[in-house]
Structures are given as structure tokens and as C-alpha cells.
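Engineer: Got a predicted structure plus its sequence, pasted below:
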2 protein chains.
Amino acid sequence: MSDRGNTNAKRAAYDLRQRIIKGELPGGTRLFEVALAEELDVSRTPVREAMSRLAEEGLLERAQSGGFVVRSFTHADVVDAIELRGVLEGTAVRLAAEAGVSDEQISHVNELVGRIDACFAVSGQPDLDLYSELNAAFHDELSRLCPSPIVQSELERVKSLPFASPSAFVFRQRDRDGMIQSLILAQAQHRAMIEAIAGREGARAEALAREHARIARRNLEAKALGADFAHPAMALVVE
Amino acid sequence: MSDRGNTNAKRAAYDLRQRIIKGELPGGTRLFEVALAEELDVSRTPVREAMSRLAEEGLLERAQSGGFVVRSFTHADVVDAIELRGVLEGTAVRLAAEAGVSDEQISHVNELVGRIDACFAVSGQPDLDLYSELNAAFHDELSRLCPSPIVQSELERVKSLPFASPSAFVFRQRDRDGMIQSLILAQAQHRAMIEAIAGREGARAEALAREHARIARRNLEAKALGADFAHPAMALVVE
DNA sequence: ATACACGGGAATGTATACAAAGCGCGGCGC
DNA sequence: GCGCCGCGCTTTGTATACATTCCCGTGTAT
């Protein structure tokens, strides 16, 4: 299994990443090269390489005396990461609005928003998997509108945290009505953001992006209250 | 020379970092392990380790086909990094204001601001080195007020770019008067930020931090216009 | 002339042996 | 009994040999 990537180091990084995200390696766990090398059936060299890459992603920290430790995230960290994502997305769309974007780009993101509508326009259950995918694609497009590669890459960095990605907390809410309402709100914000960018309203675009991120926070807190709190992206949260 | 750190990898990282910051290794330069290993008189292993660390810092990028390339920064990137620092510092102080900070912390940063005054209160030339140091310390304290470790660490990350640090463009302006005026403005903003944080005025604190970062941008642009444009932190900017 | 294939060299990927450093445990002396 | 010293084990650090891959240039065949 998991032949992702062609080198042992990439495969090891993939496996390690999965184990961390699944929560099999809780925050604070010290990773020992030899043990991992045996488990993954490679030598220490690609293991070190893999740990290095995961440290770049922010999933591991370098321990003081060498070696790596699984980074631990508290509930507050998750909330803050979502807030930070909102701030950075806000900056990205503000800069896009201020710099101006081409009509082609606007119609491209508009088309994406239209396709999102289709996920829950039909009478049956909404297609949540498709929604997640298209929603992520929409947010990726938004970041692509940003004229600053620096801001773009920091935004991408934060979004790579599993619980800070735009489609991390796409509900699974109990009541269908609440879910639909949430989706309608999100779509309204999507369209308003595009309108603001097209109209060069930087401050509006920024405020909308920040508020938009609050949906994720609200969903997160709704889940935290519910008894069956078991979202995959939350496995790596300790405390 | 450069026995910084006790392992060969840390020493190699230090040497490489210096060479990149000095501009000896311009953006886009592909780094070859064997060549570097010979130059630094170590084996390939610590060289890889060093490159890994510099990639985490954002000074290197992983090339598609393996290996590392010196990250290249355009003038626009520098401007954007300063903007981003303002945004993140703004978020940090907003969160600090919203969460509230203790009186001890407030008086601590206040004391730092007072010590900054001393750098240019005397009649002679201002002590710019001391100013840079205290200014950096002040900004570090600001980030420490932020209740969110996530925001803190991303802010620290951006500040670690040599040209995005708060004291990267501390003038060296020709005219002493302009320099003093710039310092007075900066200090006024410093004090206003503290006041806003103490008074729980999140939005004000955020706006002030963003505007405060514009001083660096202005200094940068003033330099770009001048003929003798040779700021140490700009050596790694290409184009 | 062009396209494809083969070769060779240069670069990274990998394994492994050995070095050194950090930490804990146990023994010894007081 | 208590404290300190030192030894040994564990773990990372380093060097190096070998494997693999990829790029590029050259040659040949159509």
C-alpha cells in the first residue's frame, strides 16, 4: 500500500503524515529514527528526509536535542488557525481587489460558484463530497487571484493544516435544513467576495473573507458541543 | 570561522545562510550537494540537513527533481513581505487586545518604548544600532502578547526573512531631521498600539500595526530611489 | 533532416558502519 | 542514607559506498 511518490522518502513522508493526521501518533510523540525505519522498512536516511519535509509542513517540530516531535495542537490552536486562514484569505482577496483581476479570472471563479450550487440544488441529499472538492477548488482559485506570491504561499501553508483547510468542517450536520442554510450563507459570501474583488472593493473583500472563515469555526464549535465528536481532521488535536 | 552551533549541520546551515543573505548565492542558484560538501569540508549528509533547515526557514525551495534552489525574491516580494508582516502583527495585537493582557506585560513593553526614546534623545547622532536592537525587542514583545501560538509562530516565520524584520530598513537616511521625524512617528505608533491593546481596542491596534509596517515600506522605497542603494538585507533580491 | 534510442556522466536516493553525545542507572565512597 | 561519579546504552550525527534516475548529447536509421 501507499506507493504514493516514487522515492522511499516520499513514501515514508506520506505514511508518516497519514499516521499523524489519523491521530495514531499523538502530539508530543517523539519520533525515533531507527524504530520508524524498521516499521517503514527503509533505512534511517529516507526517514530523516521524510521528517524534514513534515517539519516544513508544520506537522513536526525539531526537538531541542535533535530529533523530531509530533506537533501538538489544542482546540484553541484549531480556532486560531481558522482565524488565521480568514486573515490571510482576507489579505489575498484585498490585494487582488486592489490590484484588479481580469474578466476571465472573474468568470472562472464565477463558474465554480455556479457548479457548487448544483451540489445541493437537487431535492435529494446534497452531495457533500463534491461540495468539499469544489469548495476547496474555489478557495484555491481565490488564492490564485492574489498578485502576491508571498501571501499566496503563506496562505497555502496554513491551509495545509488539515483542520484549517476551507473544507475541513463541511458540516455533516444532523438537520438537513441547517445544512442547507449554512450552504446558502456560504454561497452568498462566495458571490459577494467575487463582486467585491471585481469592483475593487478591497476592504469589503477582506471583511467578507474573514467572516466567511467563521463558518468553519461555527461548524467546529457545533461539533464540539455534540456528543459524537469525531471529525477526521480533529484526530491530531490533543487536550 | 563560524563555529556557531556544535554540529557540522548547524555550522553548514549557518555558513550557507550567510552566503545567501550576503547575495553570494543569488536567487535561482541550484545548490549541488557534492560541491557544497567540498567547499564546506563536510560530507553530503550534514549538507542535506542544512539545506533542509534553510528550506524550513524559507530561504531555499525544493526543486521539482530533488535538490534545492535558492529562493529568489523580487522587489515586489519584499514589499509584499512587509505588508504581510503588518497584517500578521496587526492580527497578533488585535488578538492580544481582544483577549486582554496583564498590567505587568503592558508596563514591560512601555518600558521598552521608553528605552527607545533614549536612543535619539541626546543631541548627538542617534544610536542606530541600539535602536535597531530595541526596536526588534519591542516587536518581539508585541508578538509575545498575542494569545495565539499559531499566529505567533507564523509572524515569527515572516519576520525571519531578512528584509521583512521590523528593523530591516531602519533608515541610514541622509538627513538627520528626516530620520528623527521618522523615529518620532514610529514611537507615536508604538505608544498608540500599547494604548489600544491596554484599552481592548482590537481594530485600532490592528490598523496601527499595519500602518506602522508602512514605515519600513517607505524607507525601502526611499532607498530604491537613491543612487547608493546597498542595504545588506537587499542582497538576496534579484531582478 | 528529423526522430528515436542508446550511452554515459552527473546528480540525488539509499543503506550502512562508525563516531560522538546525552541520559539514566548503578555502584561506590563518604 | 545520600550524593556524586562514571560507565554503558540509546539515539542522533557523520562519512562513504553503492544504486538509481534523469538529463543530455551523439549516433544511426528512416
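Structural biologist: Received, thanks. The structure presented is a predicted model; accordingly, all values stated were derived computationally and were not measured.
Engineer: quick one, phi/psi of residue A:62?
Structural biologist: phi -80, psi 130 (degrees, to the nearest 10).
Engineer: what's across from it in the sheet?
Structural biologist: residue A:68 (DSSP bridges).
Engineer: list the contacts for it?
Structural biologist: Neighbour list for residue A:62: A:55, A:68-69 [criterion: CB atoms under 8 Å, 6 or more residues apart in numbering or on different chains]. Just so you know, the C-beta spots here come from the backbone N, C-alpha and C atoms, and that holds for glycine as well.
Engineer: now, which of the residues you listed sits nearest DNA strand D?
Structural biologist: DNA strand D has its nearest neighbour among the contacts of residue A:62 in residue A:68, at 7.2 Å by CB to the nearest atom of the strand.
Engineer: pLDDT weak spots in chain A?
Structural biologist: A:1-5, A:121-124, A:126, A:170-176, A:223-232, A:239 (pLDDT under 70).
Engineer: re earlier: got a winner among the contacts of residue A:62 for most neighbours?
Structural biologist: residue A:68 (24 neighbours; other CB atoms under 10 Å in any protein chain shown).
Engineer: follow-up on the earlier one: and which of the contacts of residue A:62 is nearest residue A:43?
Structural biologist: residue A:68 (16.7 Å; CB to CB).
Engineer: and that closest one, what does it touch?
Structural biologist: Contacts of residue A:68 (CB under 8 Å, 6+ apart): A:30-31, A:51, A:54-55, A:60-62.
Engineer: Mind doing that once more with 10 Å?
Structural biologist: A:16, A:29-33, A:36, A:47-48, A:50-52, A:54-55, A:59-62 (CB atoms under 10 Å, 6 or more residues apart in numbering or on different chains).
Engineer: Please determine how far it is located from chain B.
Structural biologist: For residue A:68, the distance to chain B equals 11 Å [CB to the nearest CB, to the nearest Å].
Engineer: Residue A:45 now?
Structural biologist: For residue A:45, the distance to chain B - CB to the nearest CB - is 8 Å.
Engineer: in what helix or strand does that residue lie?
Structural biologist: Per DSSP states H and E: residue A:45 is located in helix A:44-57.
Engineer: cool, and residue A:14?
Structural biologist: When the helices and strands are read off by DSSP H and E, the one containing residue A:14 is helix A:8-22.
Engineer: Give me the helices and strands touching that helix, please.
Structural biologist: Applying 3 or more CB pairs under 10 Å, 6 or more residues apart in numbering or on different chains; DSSP states H and E, one finds that helix A:8-22 contacts helix A:33-40, helix A:44-57, strand A:60-62, strand A:68-70.
Engineer: tell me the angle the helix holding residue A:45 makes with helix A:8-22.
Structural biologist: 50 degrees (axes from the mean of the first three to the mean of the last three CA atoms, to 10 degrees).
Engineer: So is helix A:44-57 next to DNA strand D?
Structural biologist: Yes. Residues of helix A:44-57 are located near DNA strand D by CB under 7 Å from any atom of the strand, namely A:44-45.
Engineer: hmm, that helix touching DNA strand C?
Structural biologist: Yes. Helix A:44-57 is in contact with DNA strand C by CB under 7 Å from any atom of the strand, via A:44-46, A:49.
Engineer: Buried subset of those residues, written for ChimeraX?
Structural biologist: Buried members of the residues of helix A:44-57 next to DNA strand C can be picked out in ChimeraX with the line below, counting by 16 or more other CB atoms under 10 Å in any protein chain shown:
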select /A:46,49
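Engineer: can I get the residues of helix A:44-57 next to DNA strand C in TSV with distance to residue B:118?
Structural biologist: Shown next, in TSV, are those (distance: CB to CB, whole Å):
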residue	distance to residue B:118
A:44	53
A:45	53
A:46	54
A:49	49
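Engineer: in chain A, which spans are helices?
Structural biologist: Assigned by DSSP state H, the helices in chain A fall at A:8-22, A:33-40, A:44-57, A:75-99, A:103-121, A:128-145, A:149-159, A:176-198, A:202-225.
Engineer: Tell me how many other residues surround the residue nearest to residue A:147 when sequence neighbours are not counted.
Structural biologist: Once flanking residues are discounted, residue A:147 sits nearest to residue A:99: 4.3 Å by CB to CB, 6 or more residues apart in numbering or on different chains. Residues within reach of residue A:99, counting by other CB under 10 Å, total 14.
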